[in-house]
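**Student:** Pasting a predicted model and its sequence here:
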Amino acid sequence: MIYTVTFSPCLDYAVWVDELKLGEVNRVDKEHMLPGGKGINVSIVLHNLGYDSMALGFVSGFTGREIEAQVKEMGLSCNFIHLNQGNSRINIKLKAEEETDINGIGPVIEEKHLQKLFEQLERLKENDILVLAGSIPNGVSSTIYCEIMERLKENKVKIVVDATNDLLVNVLEKKPFLIKPNNHELGEIFGIEISKKEDIVYYAKKLQEMGARNVLVSMAGDGAVFISEEGNCLESKAPKGKVVNSVGAGDSMVAGFLAGYLERRDYEYAFKMGVATGSASAFSNQLAKKEEVLQLLKTIL
């Protein structure tokens, strides 16, 4: 079974305007609102690809209830922990000449709530997959992913981490099954600006030396690089298409990789499946659907 954890679920409110005029009233041309947060996105795309998962995390208030209702309406399984105060985030995705994100703050997660999450996770067993994805709210330690991995080390769970900076670096010593930084996040970890694919390969291997079993680096329109635990370095160009929405593309890549891995237990196929799935989401106003993914996959296999 695949489990995803989202510490800060949200409602993604996407709005399109022809031309954004600051300081004036702007009329929206179209809009939609969907449940979001990186782990939830992974669960949605896995569902679209035909794989079940259990979405875990924390929700609160009227927005939290709406997140849970929409997740269930999509046919996903979830077991969210309900907080007593505050409201889950609303993140505004403004589509104009350029994409602009305005992300909400979200409620406070207390120690008693974390203990409930630990109790849920301690039920995981060998061959389960756990996806720890996204940022954490203020007040939660940047070592939380590391602590979760420490608690589960005897359970032999495959753990995927999609996070940034210290949240990612802190888990490397615990040997996660897969990490997925993008090229900009990779540069931030090492305090450099990465401009060449050779640099991406070099620093991805550094993360592997620091403990990660497999490293998947997304590069938006330039494709992706994958360093496998078997020592192979794979590269793929992005499929051709028009990018209309970058939200969730990285999460979709993680979901596609896992779907491909579970289908064939082959890293090269999983990598290509990840690239195709990430691109399918980028080329659509919503997260990737299976038919879209398989069409793109044919172009890069």
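**Tutor:** Everything's here; your move.
**Student:** which residues does V217 form a beta bridge with?
**Tutor:** V217 has these beta-bridge partners by DSSP bridges: V225.
**Student:** burial count for L216?
**Tutor:** Residues near L216, counting by other CB atoms under 10 Å, number 29. The C-beta positions use only the backbone N, C-alpha and C, and glycine is treated the same way.
**Student:** Repeat that for E188.
**Tutor:** Other residues lying near E188 total 16 when counted by other CB under 10 Å.
**Student:** how many other residues sit next to the closest residue to R264 other than its chain neighbours?
**Tutor:** Closest residue to R264 apart from its sequence neighbours, by CB to CB, 6 or more residues apart in numbering: A270 at 7.3 Å. Using other CB under 10 Å, A270 has 25 other residues around it.
**Student:** show me the contacts for A270.
**Tutor:** Applying CB atoms under 8 Å, 6 or more residues apart in numbering to A270 gives the contacts F257, L258, A259, G260, Y261, R264.
**Student:** please redo it, this time with the cut-off set to 10 Å
**Tutor:** Taking CB atoms under 10 Å, 6 or more residues apart in numbering, we find A270 in contact with 178, 214, 216, 226, 228, 234, 256-264.
**Student:** tell me which element it is part of?
**Tutor:** A270 belongs to helix 267-282 when assigned by DSSP states H and E.
**Student:** Other residues contacting stretch 23-34?
**Tutor:** The contact list for stretch 23-34 (CB under 10 Å, 6+ apart) reads 10-20, 40-41, 44, 66-67, 70-71, 74, 90, 93-96, 247-248, 285-287.
**Student:** how much space between H32 and A255?
**Tutor:** Distance, H32 to A255, by CB to CB, to the nearest Å: 20 Å.
**Student:** Oh, that last question was meant for G104, not what I typed.
**Tutor:** For G104, the distance to A255 - CB to CB - is 24 Å.
**Student:** between those two, who's got more neighbours?
**Tutor:** Shown here are G104 and A255; by other CB under 10 Å, A255 has more neighbours (34 against 16).
**Student:** okay, now P107: neighbour count?
**Tutor:** 23.
**Student:** Chain neighbours aside, what residue packs nearest to it?
**Tutor:** Per CB to CB, 6+ apart, closest to P107 is G86, 2.9 Å.
**Student:** quick one: contacts for that neighbour?
**Tutor:** Contacts of G86 (CB under 10 Å, 6+ apart): S60, G61, T63, G64, I105, G106, P107, V108, I109, P137.
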